[in-house]
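Undergrad: with the input below, show me the fold.
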Amino acid sequence: MAKQSPPKQKKPKFTRSAQEDGFLQVLAGISLIETSGVLTWNDVANTFDCMNDEHFDGFWRARFGPVFGRTCAWNMFSTGAEFLLKGLMLSFNRPIRTAKKARSYPSNLTKSGIEQWAADYKDEEPDVWVGNYKTMGDFFHMPPKSEPAHVFIDTIEAVFEILRGRAAPDALERLESDRLLVFAAYDLLRGAIRNRDAHAYVPNARQAHNNLRQAVFLPTMQCLIKWLPRQNDLREAYKNAARYVEDAGSVHLDFLP
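TA: Okay, the predicted model is just below:
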């Protein structure tokens, strides 16, 4: 008698739609970027702004500390920029999230319980479903010219295909220029700033990057905001972010029908 393979385990589904999740990512991204001080949020214009270098220097020293404050600010900005990018991708229903299994948290928080959990950890099978999102570097694979962009449905290029289809003919040149800026700015952020800051502290590494805030990152983040399908909802939602997050609930995954 042929041996039967065990039934495939059903994956849970996300309790929020991609668009709902995307809007939450956008709100969190704006908050982190604004809190970092690298850029500011202009509530009247409903987009990002930028304080001058002297004010920024005083800001990070006062908020995060005079020694390591600048590193804190840029790390926070980088995380916010990634949230904002993921929010844009999800707003266009790009498949950048999935459920995966991870090892469970310790249930017994006594000293002996933690010791037992740590001892067993390596041999335990992952048994807790968690939401998993693609990373910033995954979104910027340039599709070869031989492949249509829609094949790359989980990259930023797929979003640009949608934007091109909606743009007026006289706006395509501006869109292409903005596209190149976004690609270059995020690659710079990912490769020269985010990755280095996340893995090691380098003294004064960001001092020379103050001029990038207004010249590179301000127009880049403004582009992401203006491309959002729900840009007009941002002002009220950001003002009432606490209520918006509370209404979203804490359950991220569930075995929905």
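Undergrad: which regions of the stretch 151-257 of the chain sit below the pLDDT cut-off?
TA: Filtered on pLDDT under 70, the stretch 151-257 of the chain yields the residue ranges 151-153, 195-200, 204-208, 251, 256-257.
Undergrad: can you pull out the strands in it?
TA: In the stretch 151-257 of the chain, the strands defined using DSSP state E, counting those that start in this stretch lie at 253-254.
Undergrad: now the helices for it?
TA: 156-166, 172-188, 195-199, 210-212, 218-227, 234-239, 241-248 (DSSP state H, counting those that start in this stretch).
Undergrad: is it possible to export these to TSV including mean neighbour count?
TA: Just so you know, the C-beta spots here come from the backbone N, C-alpha and C atoms, and that holds for glycine as well. As requested, the helices of the stretch 151-257 of the chain are arranged in TSV below (neighbours: other C-beta atoms under 10 Å):
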stretch	mean neighbour count
helix 156-166	17
helix 172-188	15
helix 195-199	13
helix 210-212	14
helix 218-227	20
helix 234-239	15
helix 241-248	12
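Undergrad: between these, which one is nearest to Ala99?
TA: Of all the helices of the stretch 151-257 of the chain, it is helix 241-248 that lies closest to Ala99, at 17.7 Å by C-beta to C-beta.
Undergrad: show the average pLDDT along the host helix or strand of Val130.
TA: Val130 belongs to strand 128-133 when assigned by DSSP states H and E. For strand 128-133, the mean per-residue pLDDT is 86.
Undergrad: how far off centre is that strand?
TA: Distance of strand 128-133 from the chain centroid (C-alpha atoms, centre = their mean, to the nearest Å) equals 16 Å.
Undergrad: each with direction, which strands does it pair with?
TA: strand 97-102 (antiparallel) (DSSP bridges).
Undergrad: moving C-terminal of the partner strand, what's the next helix or strand?
TA: helix 111-120.
Undergrad: can I get that following helix as CSV, trimmed to CA atoms?
TA: Provided in CSV are the C-alpha atoms of helix 111-120 (Å, rounded to 0.1, in the frame of the first residue of the first chain):
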residue,chain,number,x,y,z
LYS,A,111,14.6,31.7,34.9
SER,A,112,14.4,27.9,34.5
GLY,A,113,11.7,28.3,31.8
ILE,A,114,13.8,30.6,29.7
GLU,A,115,16.8,28.3,30.1
GLN,A,116,14.8,25.3,28.9
TRP,A,117,13.4,27.3,26.0
ALA,A,118,16.9,28.4,25.0
ALA,A,119,18.2,24.9,25.2
ASP,A,120,15.4,23.5,23.1
